[in-house]
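In: Sharing a model that was predicted from the sequence below.
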Amino acid sequence: MFQNPTDQELANLLKTSKTVAVVGLSDNPDRPSYEVASYLQSQGYEIIPVNPRIGQSLGRKAHRSLREVEGPVDIVDVFRRGEEVDELVDQAVQAGAKVLWMQLGVVNEQAAKRAQDAGLTVVMDRCMKIEHQRLLGGAEL
């Protein structure tokens, strides 16, 4: 059965990660993906938008898929339905990601196991913004 990393492990990965590819990032400030990514950007993370339906978000060019992202990615933060996560596992591995993070409400145990078997740390059904604020005391926007 899947188990999220401990608070200590989460705090450590949030402290050591720099680049976050946000799959499903919207260009609409009213969407949760935009709010979370904007917060993470304000905390010093480099945000890479991944969404084939937009041209850019948060001042950064959007990529159609993780396959288009150049350079290493520390965290792949997923704002997609749970059943869509499985296809992202291989892309996350190819992107050099260390962490596959599924946002609140995103659950896929099979994808989590595949990602763990490929060497990724997996966080499931947790919000990166909430966890960052809780564990590292990030400023509220």
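Out: That came through fine.
In: Just to be sure, residue 111 is in a helix?
Out: Yes. Counting by DSSP: H, G, I helix; E, B strand; the rest coil, residue 111 is located in a helix.
In: how far away is residue 87 from residue 104?
Out: Distance, residue 87 to residue 104, by Cβ to Cβ, to the nearest Å: 20 Å. For every residue, glycine as well, the C-beta is placed using N, CA and C.
In: right, I mislabeled it, should have said residue 45
Out: In terms of Cβ to Cβ, residue 45 sits 18 Å off from residue 104.
In: show me the contacts for residue 44.
Out: residue 18 (Cβ atoms under 8 Å, 6 or more residues apart in numbering).
In: where's the residue nearest the centre of the chain, which helix or strand?
Out: Centroid check for the chain by Cα atoms, centre = their mean gives residue 77 as the closest residue, at 1.1 Å. Using DSSP states H and E, residue 77 maps to strand 75-78.
In: counting contacts, what elements does that strand pack onto?
Out: Applying 3 or more Cβ pairs under 8 Å, 6 or more residues apart in numbering; DSSP states H and E, one finds that strand 75-78 contacts strand 19-23, helix 32-42, helix 86-94, strand 99-102.
In: got the buried residues for stretch 103-112?
Out: 103, 106, 108, 111, 112 (16 or more other Cβ atoms under 10 Å).
In: wait, isn't the first one in contact with residue 126?
Out: Think residue 103. Yes. Applying Cβ atoms under 8 Å, one finds residue 103 in contact with residue 126, separated by 7.4 Å.
In: re the thing from before, parallel or antiparallel, list what pairs with the strand holding residue 77.
Out: Here strand 75-78 has these sheet partners by DSSP bridges: strand 19-23 (parallel), strand 99-102 (parallel).
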